[in-house]
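Trainee: Build me a model:
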Amino acid sequence: MSRIGRMPIAIPAGVTVEVAENNKVTVKGPKGTLERVLPAEMEIKVEGAEIVVSRPNDLKKMKSLHGLTRTLINNMVVGVTAGYEKKLEVNGVGYKAAKAGKKLTLSLGFSHPVEMEDPEGIETTVDNNIIVVKGIDKEKVGQFAAEIRDKRRPEPYKGKGIKYADEVIRRKVGKTGKK
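Mentor: Presented below is the predicted three-dimensional model:
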């Protein structure tokens with residue numbers, strides 16, 4: 001059995017979980033509502049205050065989907081209760097981030113400022129060159145954080161660019177002059 005797949009998911013107080021036909025799971029919580037259609041082969045049951053995911057047989061595909069389905073539901077439950085956030089740091093001389101309304105403006109050494117609009121369900125805040133991306137959908141938060149980072153990835157010589165707060169940049173030694 002999948003060690004992750006067979007663990008039940010506890011439903012916290014204030015969260016409702018509904019499973020419709022074709023495994024359409026709706027999770028409502030204090031922070032909002034998330035919907036997702038999960039693989040139809042998996043059997044999702046709400047038993048009291050927990051959700052149990054089971055698989056029909058032990059084919060490799062079913063084993064793979066078992067843990068995935070359980071994790072996706074768990075991410076939805078955590079999202080509507082606690083939410084998700086990613087922190088990004090802007091490093092470099094003259095590099096800065098500013099927020100105006102729903103627009104994030106990045107000055108990254110290009111001839112023009114880079115402007116990004118907050119997608120639906122995602123909120124960004126800027127506090128002295130640290131960008132915080134918050135939301136209830138783990139995938140959307142991670143995707144938007146990755147898109148922001150892609151505007152200027154950190155380089156290995158001086159470490160300039162946008163990096164995740166917990167990311168470690170492998171530094172390289174610059175070139176040395178001739179003697």
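
Trainee: shaky segments in the protein?
Mentor: Applying pLDDT under 70 to the chain flags residues 1-2, 179.

Trainee: Report all helices and strands that the biggest helix by length in the chain contacts.
Mentor: Identified as the longest helix of the chain according to DSSP state H is helix 60-81. If you count contacts as 3 or more CB pairs under 8 Å, 6 or more residues apart in numbering; DSSP states H and E, helix 60-81 packs onto strand 9-10, strand 24-29, strand 32-37, strand 50-54, helix 138-150. Where you see a C-beta, it was placed from the backbone N, CA and C, and this is true even at glycine.

Trainee: In CSV, list the ones you listed along with distance to Thr176 and mean neighbour count.
Mentor: Converted to CSV, the helices and strands packed on helix 60-81 look like this (distance: least, CB to CB, whole Å; neighbours: other CB atoms under 10 Å):
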stretch, distance to Thr176, mean neighbour count
strand 9-10, 56, 16
strand 24-29, 57, 18
strand 32-37, 54, 14
strand 50-54, 58, 18
helix 138-150, 31, 17
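
Trainee: can you redo these as CSV with distance to Tyr164?
Mentor: Shown next, in CSV, are the helices and strands packed on helix 60-81 (distance: least, CB to CB, whole Å):
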stretch, distance to Tyr164
strand 9-10, 27
strand 24-29, 26
strand 32-37, 24
strand 50-54, 30
helix 138-150, 7
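
Trainee: Run the chain-centre distance for the longest helix of the chain.
Mentor: Relative to its chain's centre, helix 60-81 lies at 14 Å (CA atoms, centre = their mean, to the nearest Å).

Trainee: if we can go back for a sec, and Ile169, which of the helices and strands packed on helix 60-81 is closest to it?
Mentor: Distance to Ile169, taken as CB to CB, is lowest for helix 138-150 among the helices and strands packed on helix 60-81, at 11.8 Å.

Trainee: Direction-wise, compare that closest one with helix 60-81 and give the angle.
Mentor: Orientation check (axes from the mean of the first three to the mean of the last three CA atoms, to 10 degrees): helix 138-150 against helix 60-81 gives 80 degrees.
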